[in-house]
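> Starting from these lines, generate the structure:
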Amino acid sequence: MIDTGNLLAEPAGEPGACPRAALARGAASTDAPTLVALSGPDAVGKTTQIRLLTRRLADACDAGPLETFDSRWRAAHEHGLARWWFTDAALPEVADVLACSYLNRARHARTPRGLVLIDRGPAMLQASVTATAAVRLGLEHARAAEHARALLAPMPATSRRRLPG
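Numbering: from 1, shown residues only. Next up is the predicted model:
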């Protein structure tokens, strides 16, 4: 699935690697970039596709992995990501780390023009929180989706897509 659109209306923070890379390639336009998220199951080639596109398209840059946008990932990996995700961390914490990572990546992955390519977009954020709620809380899909929407409700509305109810 490909999610398109700007995830946040206003960029925030210092420019990251994408803006510098785009400026180094001579991008001079101040038009807002288009953020494109490639979403799908693990091991289907999302990261490879992004790498190929950034090599071929002068105005494209990779937004980078989620783990680089929230320092809490380091501790999660140190204790074993699966254990942290499904046992140690409270579900609201898992949702918060995911949501903050998505939002920070969108804020910092700005380029004066062109494409910002994102490995897993807002649809995957909601799907991940829904699946985690279903497994950890033993909920059927509709209840898990409702729980995920409640956990993600504090996110800006422009940065997320709604789950089917």
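> For Ala37, which three-state class applies?
strand (DSSP: H, G, I helix; E, B strand; the rest coil).
> my guess is it contacts Leu115, does it?
No - at 10.9 Å, Ala37 does not count as touching Leu115 under the criterion of Cβ atoms under 8 Å. C-beta: built from backbone N, CA, C; applies to glycine.
> So which of these two has more stuff around it?
Ala37 (27 against 22; other Cβ atoms under 10 Å).
> Now the more buried one: closest residue in space that isn't a chain neighbour?
Gly121 (2.4 Å; Cβ to Cβ, 6 or more residues apart in numbering).
> Quick check: the gap between that neighbour and Ala142.
22 Å (Cβ to Cβ, to the nearest Å).
> how about the nearest residue to the residue positioned nearest the centre of the chain, chain neighbours excluded?
What sits nearest the mean C-alpha location of the chain, by Cα atoms, centre = their mean, is Tyr102, with 3.5 Å. For Tyr102, ignoring the flanking residues on the chain, the nearest one in space by Cβ to Cβ, 6+ apart is Leu125 at 5.2 Å.
> ok so, going back, phi, psi for the residue nearest to Ala37 please.
phi -110, psi -160 (degrees, to the nearest 10).
> So which of Gly121 and Ala142 has more stuff around it?
Between Gly121 and Ala142, counted using other Cβ under 10 Å, Gly121 has the larger neighbour count: 25 against 13.
> Wait, that one touches Ile50, no?
No - applying Cβ under 8 Å as the test, Gly121 and Ile50 come out as separate, 11.8 Å apart.
> Name the residues contacting each of these two.
Leu38 (Cβ atoms under 8 Å, 6 or more residues apart in numbering).
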